[in-house]
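Visitor: sequence and predicted structure are below.
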Amino acid sequence: MQSSQRGNGRPKPFRLLDLPPKILLRIIPLIDIFELALATRKTRRVLKSLKIPVDHFIIQHLEGKHGFSFGIEGGTVVSWYFVDVPQVKDPKDFMSFFSIEGIDFPTRTKNQKECFDHCNGYDNVSIYNSSKHKSGYRPFRETFNVADITKRSKGQQYHNVRYTPITMSGAALPKCWTPNVPDDYQTCLDCFIRFVEVVFKCGVTGYHMDIKSVPNFGKFFTKNVIKNSCRTFELSGVRPQEDSPLTMEAYDIDWVLTNTPINTKLTINCDRIAGNFKLEVVGHIVKVSCLKTICFQPLMQKAITFNCVMKFFAYENLAQSQCNQLEIGSGSQLREIDYREFIATWLDGNNREFRYLDSRIGAKHAEHLKKTLFDAFKTEKCDMKRRMDNYEPTPLHILSDWYDGTVYPNARDIHRRDGMTATIVVHNECFIFVVWHKKSHKH
């Protein structure tokens, strides 16, 4: 132990970044990797050399707030958003300071316990100063104080000047404030996007937004989702009033379903659909009714999640869907016979790409549906020794009851003639049909 101590008996500092890369990669998921990357040039250089696998880097534009969510595989998730100075209630909370590309970010971090309850679900909050866009803007207000002539020493000036940031003159200033803060949220996002690209070798993987949080949604969507490849796109409704449910126009759902690239995972979140939205099957063409009738092909995206009331969704929509990963909310027109027909079609077919179907059902229908499905097919007890880490993610991976064994009495395995295995789960208000796919080597 003496070799690890200084001559005065105090222990030497532990040099975390001097550890071998393999050891560092095991420790990094346990620490706040993003703040570590922002700390110094050395930390950025070390993290860059490790080639850390990134799970997601999602840009968020929600309810007028703008930021991002960043997470590494098997590690922590960091959420960060940016707010204009006039919207800051207490600037004194911004006690941390980060600098990227010469631009300064006064920040309130999740480590400040006294601020945790005010972060609105976000970890870190940084400020920008939109006053820079105003004509005649000056970064400081000059306050002249005339010196007392009776107390002025020889050679001392007759006055002194105090500089105060104009936008924050009505409140106490954070100690880390500098005039070199960005002037809008897009500049903030651009800085962090370039930072993540350099340090973690990862571009933007997806977007989570609502229609009204960007000036021109169609132009934004075309530029960032259609022309640039991204893995996920999540559209949420808006609140007409503060206490209103999340509402989405039927036309907007139609537009997103029509224009989202087929390899982008699409998620739609809303509590209420405004307008007449209906999927009608006509031969092999799906007709969308949204105040007026529009014709387009069946659901083409490989992965779709509907977090909304699904009154418009019938079995014909499910049968003609091209989705390999489909999650649908409550209220659909699917019946017990439809779920049975869907499983029978999979058993008789040769689709090796399908991953899962997750549907919300009424609790009162669960027992009857379970009996119908388990009696209709040759099934066996669910394999309790199956190692979930060896398979591609499914809804069962995030179902807490799956790990404590509560689900197993409500689950059955079923085998197809080509050797593929699936699991049928009818538990509480969920019907989940999962086809097990081994993880590819890239994982």
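Guide: Good, I have the coordinates.

Visitor: by contact count, what packs against the lengthiest helix in the chain?
Guide: What stands out as the longest helix in the chain, according to DSSP state H, is helix 185-200. Applying 3 or more C-beta pairs under 8 Å, 6 or more residues apart in numbering; DSSP states H and E, one finds that helix 185-200 contacts helix 33-39, helix 41-50, strand 54-62, strand 65-72, strand 77-84, strand 96-100, strand 103-108, strand 124-128. Just so you know, the C-beta spots here come from the backbone N, C-alpha and C atoms, and that holds for glycine as well.

Visitor: redo that, cut-off 7 Å
Guide: In terms of contacts (3 or more C-beta pairs under 7 Å, 6 or more residues apart in numbering; DSSP states H and E), helix 185-200 is packed against helix 41-50, strand 54-62, strand 65-72, strand 96-100, strand 124-128.

Visitor: pull the CA atoms of the next helix or strand after it into CSV?
Guide: As assigned by DSSP states H and E, the chain's next helix or strand after helix 185-200 is strand 206-210. Output of strand 206-210 as CSV, limited to C-alpha atoms (Å, rounded to 0.1, in the frame of the first residue of the first chain):
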residue,chain,number,x,y,z
GLY,A,206,-33.2,10.0,-34.9
TYR,A,207,-35.6,12.8,-34.2
HIS,A,208,-38.4,13.2,-31.6
MET,A,209,-40.6,16.2,-32.2
ASP,A,210,-44.1,17.7,-32.7
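
Visitor: relative to strand 65-72, how tilted is strand 206-210?
Guide: When axes from the mean of the first three to the mean of the last three C-alpha atoms, to 10 degrees is applied, the directions of strand 206-210 and strand 65-72 differ by 150 degrees.

Visitor: may I see the buried residues of the longest helix of the chain?
Guide: Tyr185, Cys188, Leu189, Cys191, Phe192, Ile193, Phe195, Val196, Val199, Phe200 (16 or more other C-beta atoms under 10 Å).

Visitor: what of stretch 358-372?
Guide: For stretch 358-372, the neighbour count (16+ other C-beta under 10 Å) marks Asp358, Ser359, Arg360, Ile361, Ala366, Leu369, Lys370, Thr372 as buried.

Visitor: let me see the contact set for Arg108.
Guide: Remark: with contacts taken as C-beta atoms under 7 Å, 6 or more residues apart in numbering, Arg108 is in contact with Asp93, Phe94, Cys115, Asn124, Val125.

Visitor: now swap in Lys51 and tell me
Guide: Counting by C-beta under 7 Å, 6+ apart, the residues that Lys51 touches are Lys201.

Visitor: one more: Leu257?
Guide: Counted by C-beta under 7 Å, 6+ apart, Leu257 has contacts Leu299.

Visitor: now swap in the one 4 residues further on and tell me
Guide: Contacts here follow C-beta under 7 Å, 6+ apart; on that basis Pro261 touches Ile226.

Visitor: ditto for Tyr315
Guide: Counting by C-beta under 7 Å, 6+ apart, Tyr315 has contacts Leu334, Asp338.

Visitor: got the phi/psi numbers for it?
Guide: Main-chain torsions, Tyr315, degrees, to the nearest 10: phi -60, psi -40.

Visitor: please report the distance of it from Arg335.
Guide: 7 Å (C-beta to C-beta, to the nearest Å).

Visitor: and Arg152, what pLDDT?
Guide: At Arg152, the model reports a pLDDT of 62.

Visitor: and for the one 5 residues further on?
Guide: At Gln157, the model reports a pLDDT of 65.

Visitor: can you check Ala411 too?
Guide: In this model, Ala411 carries a pLDDT of 94.

Visitor: how about it, phi and psi?
Guide: phi -130, psi 140.

Visitor: beta-bridge partners for it, please?
Guide: Note on Ala411: beta-bridge partners by DSSP bridges are Val425.

Visitor: shouldn't it be in contact with Val425?
Guide: Yes. At 4.5 Å, Ala411 counts as touching Val425 under the criterion of C-beta atoms under 7 Å.

Visitor: any residues in contact with both of those two?
Guide: By C-beta under 7 Å, 6+ apart, no residue touches both Ala411 and Val425.

Visitor: ok, residues contacting the helix or strand hosting Ile23?
Guide: Per DSSP H and E: Ile23 is located in helix 21-27. Helix 21-27 is contacted by residues Leu50 when judged by C-beta under 7 Å, 6+ apart.

Visitor: give me the angle between the longest helix of the chain and strand 77-84.
Guide: Using the same axes, to 10 degrees, helix 185-200 lies at 150 degrees relative to strand 77-84.

Visitor: what comes into contact with helix 185-200?
Guide: Residues outside helix 185-200 that contact it (C-beta under 7 Å, 6+ apart) are 37, 44, 47-48, 52, 54, 57, 59, 66, 68, 70, 82, 100-101, 103, 126, 128, 182, 202-204.

Visitor: can I get the buried residues of helix 185-200 in TSV with pLDDT and distance to Gln320?
Guide: Formatted as TSV, the buried residues of helix 185-200 follow (pLDDT from 0 to 100; distance: C-beta to C-beta, whole Å):
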residue	pLDDT	distance to Gln320
Tyr185	94	41
Cys188	96	43
Leu189	96	38
Cys191	96	45
Phe192	96	41
Ile193	96	38
Phe195	95	44
Val196	95	39
Val199	93	44
Phe200	92	40
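
Visitor: so which of those residues is the closest to Gln241?
Guide: Nearest to Gln241 among the buried residues of helix 185-200: Tyr185, at 23.9 Å, using C-beta to C-beta.

Visitor: since we're on the nearest residue to Lys370 once chain neighbours are set aside, how many residues are nearby?
Guide: In space, Lys370 comes closest to Val426 once its chain neighbours are excluded; the distance is 3.9 Å by C-beta to C-beta, 6 or more residues apart in numbering. Residues lying near Val426 (other C-beta atoms under 10 Å) number 25.

Visitor: wait, what's in contact with Val426?
Guide: If a contact means C-beta under 7 Å, 6+ apart, then Val426 has Ala366, Leu369, Lys370, Leu373, Asn410 as its contacts.

Visitor: average pLDDT for the helix holding Ile23?
Guide: 76.

Visitor: tell me, how many residues neighbour the nearest residue to His437 once chain neighbours are set aside?
Guide: Nearest residue to His437, sequence neighbours excluded (C-beta to C-beta, 6+ apart): Glu392, at 4.5 Å. Using other C-beta under 10 Å, Glu392 is surrounded by 16 other residues.

Visitor: residue numbering should commence at 445 henceforth.
Guide: Done: numbering now begins at 445, and the last item shifts to Glu836.

Visitor: for Glu836, give me the pLDDT.
Guide: At Glu836, pLDDT is 94.

Visitor: what's the following helix or strand after the host helix or strand of Lys814?
Guide: Per DSSP H and E: Lys814 is located in helix 807-820. Next helix or strand after helix 807-820 toward the C-terminus (DSSP H and E): strand 824-825.
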